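**Student:** I'd like to go over a predicted model; first the sequence, then the structure.
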Amino acid sequence: MLSAIKQIEESGILEQYAKLSESIRMMEASLSLIQDRESEEYSDLLNRLNQAKAASEEIEATGVLSRYEELKANLLKIDEGQKELDRYKKEAESEFESAKAQLDDAKARLDEAKEQIDKNKADINKGWEALKEGKAEYEKGLKEYKEKKDEADKSLAEAKEELDKARKEIDEAWDEIEDIPAARVYVLNRSQNMGYASFENDSSIVEGIAKILPVFFFLVAALVCSTTMTRMVDEQRTQIGTLKALGYSEAAIAGKYIFYSGSAAVLGCAAGFYLGTRYFPMAIWEAYGILYGFSDIEYIFDPKLAVISLMVALLCSVGATYTSCKAELLQMPAQLIRPKAPKAGKRVLLEHIPFIWKRIGFLHKVSIRNILRYKRRFFMTVLGIAGCTSLVVAAMGISDSIKNIVNDQFDHIMTYDYGISFTEAVSKEEQENFKSEYADVLSVCVFVSADELEAVQNNRTKRVTVVATDDPDITKVIGFQYKGEAKSYPAFGKAAVNDKLAKEFGVKPGDKITVKINDTEWVDVEIDFIFENYINNYLFMTGETYESLFKREAVYDTAYASTNKEDIYSASVSLSKNENVVSVSVLNDMRTMVNNMMKSMDYIIWLVILCAGALGFVVIYNLNNINITERNREIATIKVLGFYSRETKEYVYRETLILTVIGALLGLGLGKLLHGFIMQQIKVEAVSFKVQIFGSSYLISVLATFMVTFLVNLMLMKKIEKISMTESLKSVE
């Protein structure tokens, strides 16, 4: 205990804490003297005061002060016990001395009586009575002396026994004090807090998605603006020709349409920027708020982002408008006033394949020719639908890659149920005894040595858990496999490394990884094979390899265990009752925690899917609406020819469905590429993801795209029905 107290005092923490307390008192006094609360001096002093208080609270949080006071209190109790024992001893000695003095006094009086007898021998007869009295007094005194002596001896023996017992207790207390380890102080920053680290990991996923989504939406905005403004300029050819004939300049005419598209871009950008910087973050923050109890979200206006958004919006809208106007303004006014001639049809590739073309019905041939007649609109529709499908594929793929690592990690890699920590290293004999004692509870129990060290490669440092064991049952609780191939435990002198660490360090089997033992010692570990793992970084090796490389014995103070019991928690309770067991962590708890963290991704995935649906809806609706408007005369003609309402709609929507099929198939490939890019952008410390997209996700993406198409078709049915045959077939004046 004295050594622990001395170690704490020599560490300087008490002196540092006292200085901090004095500094805080002086700064608080100084603050009260400053009148101007807005001054730089006041702000600087307040910041220093807050820093001093934070440092003081960090020292108090370490528990060193409370430990020091506890040790001092224990030492005080021992000193009080020693003083009490000394007091009892002193009282016993005092009683013994008092009894001895009384006996000595009695003996002196007996000696005087005997001397008196000797002097009066001549007068024995005369003094016989006096002699008898003296003898009786002597015998009485002797008897009292013996009784007092016996009592004193008994008291002294009891006091000695109590003293020996107290000394034994004091020695045992000192032994316990000497066994108390020296206090260790840990100062952890915010990045090492589990909650902050998890939140940072989850937010990095959103950051990865945010790097690509704006690009898609800006491309779609450019596509929609280009199609809409081209159609608008085409519809107002006569007005443009009239204005040009009246002497208006090309700049004035183009400025009218540019102002229209530019004002729409400015208003749309303002509304979109507000919604995007407020409600999108709010939705994501609320999703993460289920798991993380942080403070309320703080909205920040980013002028740079606003300017970039506005410039891109203007480029998409004004640029498309300028291009459309320029093409029309190059023509003469007489040409512009006349209606624009329909685009001439061309032979399609299938017509050169008679075996196929002859077997296609007439109306289907018309649909195929119409689709390829307007190539610009064809590519825009296909790209818009492909963008919708690819976004849904990417969103579903993110879910497949991220959420399923829980099942992959705890069903195929870490298959044990408990991580058991012991108070100290467990010997071979103690390991066997533990396994025998809990044979009815544990089906597998593997003792390992686990050290948290740092691995270094190419100036990159990563935390890695070095696990060492010679137990062959390790493969029953840890699944070593890579790309579907099972691996055996690494041989002597080599280690197995997880795939994420190997990829980040750029190493392969046969290469070496440097592991830091301490500030001055390093060791190179050769890689035997790489295995799949998704949570944390690991190096697995044999116990002999560990002792050979690190020049120290492996400390087997951890065990990975599995049970056949259905109630794993009742089994963990029985394990916790063992006096040598410090803690029993149930792996299912970690699985539940990681699974809950991944559930927050559902909100992000649904947000992306909704955005993709909105994207597809805008594109398909816009292009279908233009398609129907341009083909009023054609649709009116087939109505005159006797087509039923259902046949008319099938004739129009057949083209949309064919384009949806082509766009969806193209979107599946683009979605896979987009998913791969997004997964590369997601960087999460100590967690790796299996980049995969399930077949069901592809199917859901295609179905979602077709649902959007069917919804648009359903909304435009009334527009087809409202087309008047008489009005549409009138000659154009």
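**Tutor:** Right, received. Where do you want to start? Residues are numbered from 1 along each chain as shown.
**Student:** mind jotting down where the strands sit in the stretch 301-450 of the chain?
**Tutor:** Secondary structure of the stretch 301-450 of the chain by DSSP state E, counting those that start in this stretch: the strands cover 418-422, 442-457.
**Student:** what residues of the shortest one count as buried?
**Tutor:** What it means is strand 418-422. By 16 or more other CB atoms under 10 Å, the buried positions in strand 418-422 come out as 418-420, 422. In short, each C-beta sits where N, CA and C put it, glycine included.
**Student:** nearest to Phe480, of those?
**Tutor:** Gly419 (18.0 Å; CB to CB).
**Student:** and the closest one, how far is that from Met332?
**Tutor:** Going from Gly419 to Met332 by CB to CB, to the nearest Å gives 84 Å.
**Student:** now, among the buried residues of strand 418-422, which is nearest to Glu526?
**Tutor:** Comparing the buried residues of strand 418-422 against Glu526 with CB to CB places Gly419 closest, at 27.4 Å.
**Student:** show me where the stretch 51-200 of the chain has strands.
**Tutor:** Using DSSP E, counting those that start in this stretch, no strands are found in the stretch 51-200 of the chain.
**Student:** low-confidence ranges in it?
**Tutor:** The stretch 51-200 of the chain contains residues with pLDDT under 70 at 63-65, 67-68, 71, 75, 117, 120-128, 130-131, 134, 173, 175-200.
**Student:** can you list the domains in the chain?
**Tutor:** Taking automatic domain parsing as the domain assignment, the record places the domains of the chain at 2-179, 193-341, 374-405+589-733, 424-579.
**Student:** just how off-centre is the shortest one within its chain?
**Tutor:** For domain 193-341, the gap between its own C-alpha mean and the chain's C-alpha mean amounts to 35 Å (CA atoms, centre = their mean, to the nearest Å).
**Student:** repeat that for the last one.
**Tutor:** Mean C-alpha position of domain 424-579 versus that of the full chain (CA atoms, centre = their mean) differs by 23 Å.
**Student:** now do the helices in the stretch 351-500 of the chain.
**Tutor:** With helices called from DSSP state H, counting those that start in this stretch, the stretch 351-500 of the chain shows them at 354-357, 362-373, 375-403, 405-408, 428-437, 474-477, 499-505.
**Student:** comparing these, which comes out most buried?
**Tutor:** The highest mean neighbour count among the helices of the stretch 351-500 of the chain, using mean count of other CB atoms under 10 Å, belongs to helix 375-403: a mean of 24.
**Student:** mean confidence (pLDDT) on that one, please.
**Tutor:** Per-residue pLDDT over helix 375-403 has a mean of 81.
**Student:** that one packs against which elements?
**Tutor:** If contacts are counted by 3 or more CB pairs under 8 Å, 6 or more residues apart in numbering; DSSP states H and E, helix 375-403 sits against helix 194-210, helix 213-235, helix 587-599, helix 601-630, helix 645-681, helix 695-721.
**Student:** comparing these, which yields the minimum mean pLDDT?
**Tutor:** Ranked by mean pLDDT, these bottom out at helix 194-210, with a mean of 61.
**Student:** export the buried residues of strand 418-422 as CSV, with columns for distance to Glu655 and pLDDT.
**Tutor:** Shown next, in CSV, are these (distance: CB to CB, whole Å; pLDDT from 0 to 100):
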residue, distance to Glu655, pLDDT
Tyr418, 63, 88
Gly419, 62, 88
Ile420, 67, 89
Phe422, 73, 89
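**Student:** Tyr560: what secondary structure?
**Tutor:** Secondary structure, DSSP: H, G, I helix; E, B strand; the rest coil: Tyr560 is strand.
**Student:** all the helices of the stretch 51-200 of the chain, in order from the start?
**Tutor:** Counting by DSSP H, counting those that start in this stretch, the stretch 51-200 of the chain has these helices, from start to end: 64-119, 124-179, 194-210.
**Student:** tell me which of those helices is the most buried.
**Tutor:** Of all the helices of the stretch 51-200 of the chain, helix 194-210 has the most neighbours on average by mean count of other CB under 10 Å, namely a mean of 16.
**Student:** of all the strands of the stretch 301-450 of the chain, which one is nearest Lys718?
**Tutor:** strand 418-422 (64.8 Å).
**Student:** helices or strands up against the closest one?
**Tutor:** Packing contacts for strand 418-422, counted by 3+ CB pairs under 8 Å, 6+ apart, involve strand 558-563, helix 568-576, strand 581-586.
**Student:** re the thing from before, and which of the buried residues of strand 418-422 is nearest to Leu76?
**Tutor:** Nearest to Leu76 out of the buried residues of strand 418-422 is Phe422 (CB to CB; 33.5 Å).
**Student:** ok, the closest one - contacts?
**Tutor:** Phe422 makes contact with 557-559, 580-582, according to CB atoms under 8 Å, 6 or more residues apart in numbering.
**Student:** farthest-apart pair in the residues you listed, please.
**Tutor:** Based on CB to CB, the longest span within the contacts of Phe422 runs between Thr558 and Asn580 and measures 12.3 Å.
**Student:** tell me the secondary structure at Asp528.
**Tutor:** Of the three states, Asp528 takes strand under three-state DSSP.
**Student:** pretty sure it contacts Lys494?
**Tutor:** Yes - using CB atoms under 8 Å, Asp528 is in contact with Lys494, at 3.5 Å.
**Student:** before we move on, the earlier item: can you lay out the domains of the chain as CSV showing distance to Val366?
**Tutor:** Below are the domains of the chain laid out as CSV (distance: least, CB to CB, whole Å):
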stretch, distance to Val366
domain 2-179, 77
domain 193-341, 19
domain 374-405+589-733, 8
domain 424-579, 51
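**Student:** Pro354 is nearest to which of these?
**Tutor:** Taking CB to CB, domain 374-405+589-733 is the member of the domains of the chain nearest to Pro354, at 21.0 Å.
**Student:** identify each buried residue in stretch 245-265, please.
**Tutor:** Neighbour counts over stretch 245-265 (16+ other CB under 10 Å) mark 253-255, 257-258, 261-262, 264-265 as buried.
**Student:** and those residues, which of them are in helices?
**Tutor:** Those of the buried residues of stretch 245-265 mapping onto helices are 253-255, 257-258, 261-262, 264-265, per DSSP state H.
**Student:** out of these, who's nearest Pro214?
**Tutor:** Nearest to Pro214 among these, with distances taken as CB to CB, is Ala265, at 15.4 Å.
**Student:** do you know how far that closest one is from Ile308?
**Tutor:** 13 Å.
**Student:** again, but for Ala636
**Tutor:** As for Ala636, its distance to Ile308 is 46 Å (criterion: CB to CB).
**Student:** more neighbours: the two, which one.
**Tutor:** Neighbour count, other CB atoms under 10 Å: between Ala636 and Ile308, Ala636 has more, with 19 against 12.
**Student:** got the angle for the helix or strand that that one is a member of vs helix 645-681?
**Tutor:** In the assignment (DSSP states H and E), Ala636 maps to helix 632-640. Interaxial angle, helix 632-640 versus helix 645-681 (axes from the mean of the first three to the mean of the last three CA atoms, to 10 degrees): 140 degrees.
**Student:** quick one on the thing from earlier: Ser570: which of the helices of the stretch 351-500 of the chain is closest?
**Tutor:** Nearest of the helices of the stretch 351-500 of the chain to Ser570, taken as CB to CB: helix 428-437 at 16.5 Å.
**Student:** average pLDDT for that closest one?
**Tutor:** Averaged across helix 428-437, pLDDT comes to 88.
**Student:** which of the domains of the chain sits closest to Gly361?
**Tutor:** Closest to Gly361 of these, according to CB to CB: domain 374-405+589-733, at 10.6 Å.
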